[in-house]
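[1] pasting the sequence and the predicted model now:
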Amino acid sequence: MATQNVQVFIRSTDVGVTNPIMIASYPESRPVSSDTHGPGMSVYILPIEAIKQPKPDDLTGPRSPTLVDNWQSMIPVSAMGTALVAEVFSVSEQLFSLHQEIESIQAYGADLSKWPAEARQRKADFAEKWKYVEAVTESVRKHAALPSHDLGSAKAWPSKPTSK
């Protein structure tokens with residue numbers, strides 16, 4: 001049976017702590033903006049097993065869920081990359097861009113100089129997003145080989161494209 005992953009919010013300042021307190025968690029399938037809980041948060045995709053629930057009879061420990069000791073070794077880097085791409089360039093938008101490009105090639109040919117300005121601009125806008133997908137994919141490869149200290153930080157990943 002596959003492990004269920006969740007999006008976990010922790011304070012960026014707690015990333016180096018052995019058992020950081022979890023601020024919030026959401027199902028991986030529910031898109032949640034990284035700024036939902038304000039600035040200074042790091043967002044991770046983690047297996048549900050990375051969350052340690054407080055013990056009701058422990059009066060000295062934290063009252064909120066924390067992450068387990070080895071939580072950073074449990075990060076599915078490819079899921080983190082997929083979530084970042086989905087925020088900027090959803091699968092349906094990716095398919096739409098491919099459809100638009102195929103239609104433009106069929107209508108105007110492969111020579112971009114013969115395409116109308118609107119079609120060239122649309123291709124350029126999508127090209128910026130495709131470059132982001134490639135950059136995130138490359139970062140996933142690098143992080144899988146040598147994980148970064150704070151994969152939940154935007155600094156660990158390529159900058160998002162400026163076009164909408």
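    Structure's in. What do you need?

[2] can you list the buried residues in stretch 122-132?
    Within stretch 122-132, the residues scored as buried using 16 or more other CB atoms under 10 Å are 122, 123, 126, 129, 132. Glycine gets a C-beta too; all of them are placed from N, C-alpha and C.

[3] give the contact list for the residue of the chain most remote from its centre.
    Computed with CA atoms, centre = their mean, the residue of the chain farthest from its C-alpha average is residue 114, at 36.9 Å. Residue 114 makes contact with residue 108, according to CB atoms under 8 Å, 6 or more residues apart in numbering.

[4] and the gap between it and residue 159?
    Using CB to CB, to the nearest Å, we find residue 114 at a distance of 33 Å from residue 159.

[5] repeat for residue 90
    Applying CB to CB, the value for residue 90 to residue 159 is 19 Å.

[6] how's the chain carved up into domains?
    Domain ranges of the chain: 1-75, 77-159, per automatic domain parsing.

[7] center of this protein - which residue?
    Note: the chain centre (CA atoms, centre = their mean) maps to residue 84, 2.5 Å.

[8] doesn't residue 136 make contact with it?
    Yes: the pair residue 84 and residue 136 passes the contact test of CB atoms under 8 Å, sitting 5.5 Å apart.

[9] identify the contacts common to the two.
    Common neighbours of residue 84 and residue 136, using CB under 8 Å, 6+ apart, are residue 157.
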